[in-house]
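Colleague: model the following, please.
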Amino acid sequence: MNALIRLELVRALRNRKFLFFSVVHPSVLFLLIAGSADATTEIDGTGLTLPTYMMVSMASFGALTAVLMGNSERMAKERQSGWVRQLRLTPLPGRGYVLAKTASAAVVSLPSVVVVFVVAAAVKDVRLDAWQWLALTGAIWAGSLVFAALGVALGYLASGDAVRPITMITYFGQSILGGLWMPTTTFPGWLQDVARWVPTHAYAALGQAIEQNRAPHVQDVAVLAAFFVLFTGGAAWLYRKDTTKA
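Modeller: Now for the predicted structure:
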């Protein structure tokens, strides 16, 4: 399985389009949104300035891109091409393919988080304590596993032709409703109530809690845990179904 993980990493690192959208694109969006923002005025209801708020949002968005977009489409196309069936003829355990995909996507997601942090600190002078930088990196990276599981589920749910529109709708819907592109405090009241139950909102809220030097809300942790169970359970069921079908 280690050999397959290395192969997946090499493939991901050679894919310039994927690297741009997962590593470079979030930092570009951060600069477009927060580049000219006042570094002292706080966003209502958050206690954070726009640069600090959007730093966590764009780091989360980059990790989401790497683990969701990086998994679903490739897995669906490899199933369609017969590559997954060929792997089942090797000594590789059945779950090894899924674990290799998830591990490689998780590794690629880490640079996307770090690059956003570096840009925010260098361009917008975002300053945090050392433990906060480490905690932010760990929380965003670990939280991305929730969406890695979703990527696996979508990769087994849809065919090679259908997976892209399904993934894009999920990807943009989660990003917008979760407040990764704009603070949810700008939403109408009813939409704010909906956003609180979206996993990307809870995901970004973990990082915002660290920036605010407080413990995360129990609801945010519960939402992420519930969706992780849902996505992993769905991925496991779809994986077994696909294996039985083959």
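Colleague: now the helix or strand where residue 107 lies: average pLDDT?
Modeller: Element membership of residue 107, judged by DSSP states H and E, is helix 94-123. Mean pLDDT, helix 94-123: 80.
Colleague: show me what it is packed up against.
Modeller: helix 2-14, helix 25-34, helix 50-64, helix 70-81, helix 130-157, helix 218-245 (3 or more CB pairs under 8 Å, 6 or more residues apart in numbering; DSSP states H and E). Bear in mind the C-beta positions are built from the backbone N, C-alpha and C, glycine included.
Colleague: can you give me the mean pLDDT across the shortest one?
Modeller: Across helix 25-34, pLDDT averages out at 90.
Colleague: now that helix: buried residues?
Modeller: Across helix 25-34, burial judged by 16 or more other CB atoms under 10 Å covers 25-27, 29-31, 33-34.
Colleague: figure out which of the helices and strands packed on helix 94-123 is closest to residue 112.
Modeller: Among these, helix 50-64 comes nearest to residue 112, with 3.1 Å by CB to CB.
Colleague: that closest one versus helix 25-34: what angle between them?
Modeller: 160 degrees (axes from the mean of the first three to the mean of the last three CA atoms, to 10 degrees).
Colleague: which helices and strands sit right next to helix 50-64?
Modeller: So helix 50-64, by 3+ CB pairs under 8 Å, 6+ apart, packs with helix 25-34, helix 94-123, helix 130-157, helix 163-177, helix 199-211.
Colleague: dump the ones you listed to a markdown table, plus distance to residue 61.
Modeller: A markdown table is the format used below for these (distance: least, CB to CB, whole Å):
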| stretch | distance to residue 61 |
| --- | --- |
| helix 25-34 | 5 |
| helix 94-123 | 8 |
| helix 130-157 | 10 |
| helix 163-177 | 6 |
| helix 199-211 | 8 |
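Colleague: which ones are touching the spatially closest residue to residue 167 that is not a sequence neighbour?
Modeller: Excluding its sequence neighbours, the residue lying closest to residue 167 (CB to CB, 6 or more residues apart in numbering) is residue 72, at 4.6 Å. By CB atoms under 8 Å, 6 or more residues apart in numbering, residue 72 lies in contact with 151-152, 154-155, 158, 163, 166-167.
Colleague: now those residues as TSV including neighbour count, pLDDT and distance to residue 218?
Modeller: Listed next are the contacts of residue 72 as TSV, based on neighbours: other CB atoms under 10 Å; pLDDT from 0 to 100; distance: CB to CB, whole Å:
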residue	neighbour count	pLDDT	distance to residue 218
151	29	87	27
152	28	83	27
154	26	90	29
155	28	84	32
158	21	80	34
163	22	86	35
166	16	91	32
167	22	90	30
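Colleague: quick one on the thing from earlier: of the buried residues of helix 25-34, which is the nearest to residue 226?
Modeller: Closest to residue 226, out of all of the buried residues of helix 25-34 and judged by CB to CB, is residue 26, at 25.9 Å.
Colleague: spatially nearest residue to the closest one (excluding sequence neighbours)?
Modeller: Residue 26's closest residue in space is residue 62 (CB to CB, 6+ apart), at 3.5 Å.
Colleague: what does residue 43 give?
Modeller: Leaving aside its sequence neighbours, residue 43 sits nearest to residue 183 (CB to CB, 6+ apart; 5.2 Å).
Colleague: quick one: that neighbour from residue 103, how far?
Modeller: Going from residue 183 to residue 103 by CB to CB, to the nearest Å gives 33 Å.
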